[in-house]
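**Q** quick one, structure for this:
(chains A and B)
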Amino acid sequence: MATAGGARPPAPGDDGRRGAARVARVPRLLRVPVRRRGARMRLKLLGAGRLGSLAGLGRGGAGALALPGCLLYTRAGAAPHLTHDTLREVRGVPGVAHVALPALAEIHDVLEEYKEGAAKFMGMPDAVLYCSLHDPVTPCPSGYNTNKMVSLWGSSGRMEITASKFMDIQRAIQPDWFQCISDGDTISGEAGRKRAQKSVDRSLSFLDICLQLQEESPELQGSVMFGAIEGGDILEERLRSARETAKRPVGGFLLDGFQGSAMAKETKLKLIASVTAELPEDKPRIIHGVGKPDEVLECIERGVDIFESFFPFQVTERGCALVFSYDCHPAPEATVLPQNGIQDLEKNGAQEDQEEVSKADPEMTPFEISLKDKKYHDDFGPLLEGCSCYCCQRHTRAYVHHLLVTNELLAGVLLMMHNFQHYFGFFSAVRDALRDSKLDQLKELIFRQALQGPASTALRH
Amino acid sequence: PMAAPAAGPPPVLRIVAECGRSRARAGELRLPHGTVPCPVFMPVGTRGTAKGLTAAQLAALGCRICLGNTFHLGTRPGPELVRRSGGLHGFMDWPHNLLTDSGGFQMVSLLELSEVSEEGVLFQPPHGGDPVLLSPERAMEIQNALGADIVMQLDDVVSSTTTGPRLEEAMLRSVRWLDRCVAAHARPQQQRLFAIVQGGTEPELRLRCLRAMTQRAVSGFAIGGLSGGEAKARFWRAVKLCTEHLPRDKPRYLMGVGYATDLVVCVALGCDMFDCVFPTRTARFGSALVPWGSLQLKNQKFAKDFRPIDADCGCPTCQRHSRAYLHALLRCNTAALHLLTLHNVAYQMKLMGSIRDSILRQRFPEFVREFMAAMYGGRGGPPAWAREALESVGITLG
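**A** Model (predicted):
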């Protein structure tokens, strides 16, 4: 542990009574001993964009994550609707699991008594676990953070967490990666420059406190802290946040405050690109709140490495199945199908379309079909032709429709298996496209579907 | 007396061992989708799904026969659609055996408006549409389309606490409806038809029903009209009366029984097959079945209990998870319900396996004593009705 002259480094807020020069009041670089936390984590880039991998992850250092990639979304450590053995049927499950802090904060006392960390408590002792501050699917009402604390939203309501309490909880969780507590309350669309500035100041202050506390926590020596980059929609603040956070010895970066729909798309993309330009190449960049395939591609082009997988879960919850194509080289007959598919839809007629539109979930995207729709009640095709998932290999749209209409729990199980596998397959296709220099084709395919709907929606009777 | 029945499908039941003291038997059911060891508990799949479990998970637990429900499937999605899906087997992707009931029980228990006549049961579909008549012929037609390995006659169902003329009427009508079902059954080689013995808890009515139905050419006999709200003392006597008068070489299916104690006692009384929604339903309420009762995992007392549900269980849930984790997971993820369903089905399978094993090894009475000690040891001993029932077939508890 290298320290300057054997003296202890000054604590944050110290005005330099040991004789060091006075420094400005903004959060400043903490002179921590250089010691690489999560020292075994290595990011390797292969040259095409940020195609690459993270290796050396987890307790044993054997975990890996291909980049660009996504995390496995879990709720309290289990994939939604899926037990361990049903999850095992899903192909391409990512090597890092994502759990949100609120569910674990609610059982802090349990984890403290358990002592062996959240991953083991949740029945995944060998998993690489990333703990985010919030759950991407739970709304965070605005106006509940202060200079000293952040509000978390769990099943029992709101919890106020200080930096110190946050680190207490993380000591009980013992995650492999975790998002440092930060103030990301800038997404409601009402935040102005001052609020954006506060989000940056507070988050840097929290970061410095937590880095210090991590130093003092044996339980967290193997954990990688991700610094959150805030700043709302103000470019200046975003740049400040990125630069300042990058000065700290964090293991990776989290682009926060891009959730929701308040921020204009162009602003969002510009800010993301500006932020990642300030970040070191050799540390991973996670973004929260981005899930749709077109948005994922836009972020990848702008230097983001890692995404969550809450999107397939949301699709599942509305009784829908992902059917968008990410195959840039379809078999010859498949190019005929899109035409047939469109004709089938046209045959339904305007009347029916209107009914469908009024019944359809307003959150539904062009990348999915709604299995509750009556038209699937006797469709004996799989959810998606050519899909090799458990559901598509064994069951039909008619069966899933029946399960949804009769409110059977199995509907969620089967749809989650399909939607996860399809989504993970999409990321795999992105990596292939980067490797084969075909990203433009993939973009074209995805963006076309973002406008028009899936490449094939033909019904089979 | 009936004319000798035409050559039917091969016998379902093969008895491998019988208990030397009680009436318990261990054997196999030979069915079109494979052999099923018995005594057997059949999980209820109602609408073509074993609730939150995939077909693969259910099979992995050792289940080789489960139930589908004609009433529910007959209304949604309807028998035609299921037939086009390759029958219920194809629809569910279930490679093993299925049993469908006729729909009679659901109609009486679920519907406000159902009217029974000699023709059948007239009912108002719960999801709209014109009134529908479920006749014995229609019940067979639907079940033929669903394609289950075992199909049940349509019976005139009354509550198990009914007495008086209505009970007799229902019993006699069930006999007549049995004949109509036998006549209407279009696939006797592929699907085995079972009769359902009625008569409530009136011994005289039961006896008359038994005498009549055992003359009909069916593959097996269900004991129906029980496991409602009737007193346990009357319940076990009615079961015993039935097993006394049912043929030895055909399976006895006691409908609606699934609590562990009831299963053990009724095996002793001579029953081979059971079904009940209880284990799967109670799982969805957060309750895990164990040899000494059940754990209500939503209860705060399990928040820091780091033991598995049952260290001796061996099911996927017990191998991986603790009570504390399940308690936490129940708050936010349906996966918890599936984990408990897995465990409870595993519990039932294990119980029946132990029962069967003990019969094969001629130690069923000892098994019963051990079971009762584990279940009631600390709580003042087994209930009186169970004691009496077991005594009546030669098994004394300590």
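
**Q** how long is stretch A:172-185 from one end to the other?
**A** End-to-end distance of stretch A:172-185: 26 Å, with Cα to Cα, to the nearest Å as the criterion.

**Q** please see if that stretch touches chain B.
**A** No: using Cβ under 8 Å from any Cβ of the partner chain, stretch A:172-185 never reaches chain B; the gap is at least 12.6 Å. Where C-beta positions appear, they are placed from N, C-alpha and C, glycine not excepted.

**Q** any idea how far that stretch is from the chain center?
**A** Taking Cα atoms, centre = their mean, to the nearest Å, one finds the center of stretch A:172-185 at 13 Å from the center of the full chain.

**Q** neighbours of A:Q452, how many?
**A** Here the count is done by other Cβ atoms under 10 Å in any protein chain shown, and A:Q452 has 11 residues near it.

**Q** longest single helix anywhere in chain B?
**A** Ranked by residue count under DSSP state H, the longest helix found in chain B is helix B:335-360.

**Q** that one: which residues count as buried?
**A** B:335-352, B:355-356, B:358-359 (16 or more other Cβ atoms under 10 Å in any protein chain shown).

**Q** ditto for stretch A:53-63
**A** Going by neighbour count (16+ other Cβ under 10 Å), the buried part of stretch A:53-63 is A:S53, A:L54, A:A55, A:G56, A:L57, A:G58, A:R59, A:G63.

**Q** residues in contact with the third one?
**A** When contacts are counted by Cβ atoms under 8 Å, 6 or more residues apart in numbering or on different chains, A:A55 touches A:M41, A:R42, A:K44, A:G63, A:A64.

**Q** how about a cut-off of 7 Å?
**A** Shown in contact with A:A55 (Cβ atoms under 7 Å, 6 or more residues apart in numbering or on different chains): A:R42, A:K44, A:A64.

**Q** how many neighbours does the first one have?
**A** By other Cβ under 10 Å, the residues close to A:R42 number 15.

**Q** tell me the pLDDT at it?
**A** Per-residue pLDDT puts A:R42 at 93.

**Q** for it, which residues count as its bridge partners?
**A** A:A55 (DSSP bridges).

**Q** quick check: it touching A:L57?
**A** No: between A:R42 and A:L57 there is no contact under Cβ atoms under 7 Å: 9.1 Å.

**Q** helices and strands around the helix or strand bottoming out on mean pLDDT in chain B, which ones?
**A** Between all helices and strands in chain B, the lowest mean by mean pLDDT, DSSP states H and E belongs to helix B:104-110, at a mean of 72. Where contact means 3 or more Cβ pairs under 7 Å, 6 or more residues apart in numbering or on different chains; DSSP states H and E, helix B:104-110 is packed against helix B:70-75, strand B:121-123.

**Q** and it, how far from the chain's centre?
**A** Taking the mean of its C-alpha atoms, helix B:104-110 sits 16 Å from the chain's own mean (Cα atoms, centre = their mean).

**Q** with stretch A:187-194 instead?
**A** Stretch A:187-194 sits 22 Å away from the centroid of its parent chain (Cα atoms, centre = their mean).

**Q** so what would you say the end-to-end distance of it is?
**A** This stretch, stretch A:187-194, spans 14 Å end to end (Cα to Cα).

**Q** B:E244: neighbour count?
**A** Using other Cβ under 10 Å, B:E244 is surrounded by 12 other residues.

**Q** how about it, phi and psi?
**A** Torsion angles at B:E244 (phi, psi; degrees, to the nearest 10) stand at phi -60, psi -40.

**Q** quick check, pLDDT for it.
**A** The model's pLDDT for B:E244 equals 97.

**Q** that one and chain A, how far apart?
**A** In this view, B:E244 and chain A are 40 Å apart by Cβ to the nearest Cβ, to the nearest Å.

**Q** so where does the closest residue to that residue other than its chain neighbours fall, helix or strand?
**A** Take B:E244 and drop its neighbours on the chain: the residue closest to it by Cβ to Cβ, 6 or more residues apart in numbering or on different chains is B:G270, 7.9 Å away. Using DSSP states H and E, B:G270 is not contained in any helix or strand.

**Q** what residues does B:G270 make contact with?
**A** B:R23, B:A24, B:R25, B:T243, B:R252.

**Q** dump those residues to a markdown table, plus secondary structure.
**A** Output for those, formatted as a markdown table (DSSP: H, G, I helix; E, B strand; the rest coil):
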| residue | secondary structure |
| --- | --- |
| B:R23 | coil |
| B:A24 | coil |
| B:R25 | strand |
| B:T243 | helix |
| B:R252 | strand |
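
**Q** max pairwise distance over those: which two?
**A** The most widely separated members of those, counting by Cβ to Cβ, are B:A24 and B:R252 (11.3 Å).

**Q** tell me the pLDDT at the residue in the stretch 51-200 of chain B that chain A sits nearest to?
**A** Per Cβ to the nearest Cβ, B:G52 is where the stretch 51-200 of chain B lies closest to chain A, at 3.8 Å. Listed pLDDT for B:G52 reads 90.

**Q** what about it, how many residues nearby?
**A** A count of nearby residues for B:G52, using other Cβ under 10 Å, gives 28.

**Q** assess the claim that it and B:H338 are in contact.
**A** Yes: the pair B:G52 / B:H338 is scored as a contact, 4.0 Å apart, by Cβ under 7 Å.

**Q** buried stuff in stretch B:292-300?
**A** Neighbour counts over stretch B:292-300 (16+ other Cβ under 10 Å) mark B:L295, B:L297 as buried.

**Q** for A:C320, which non-adjacent residue is spatially closest?
**A** A:C320's closest residue in space is A:E368 (Cβ to Cβ, 6+ apart), at 4.1 Å.

**Q** next up, phi/psi of the one you found, please.
**A** Backbone geometry at A:E368, expressed as degrees, to the nearest 10, gives phi -140, psi 160.

**Q** counting neighbours, what do you get for it?
**A** 25.

**Q** run through the bridge partners of it.
**A** Assessed by DSSP bridges, A:E368 has beta-bridge partners A:L322.

**Q** and stretch B:330-341, how far from the chain's centre?
**A** 25 Å.

**Q** what about it, near chain A?
**A** Yes: counting by Cβ under 7 Å from any Cβ of the partner chain, chain A is contacted by stretch B:330-341 at B:R331, B:C332, B:N333, B:T334, B:A335, B:L337, B:H338, B:L339.
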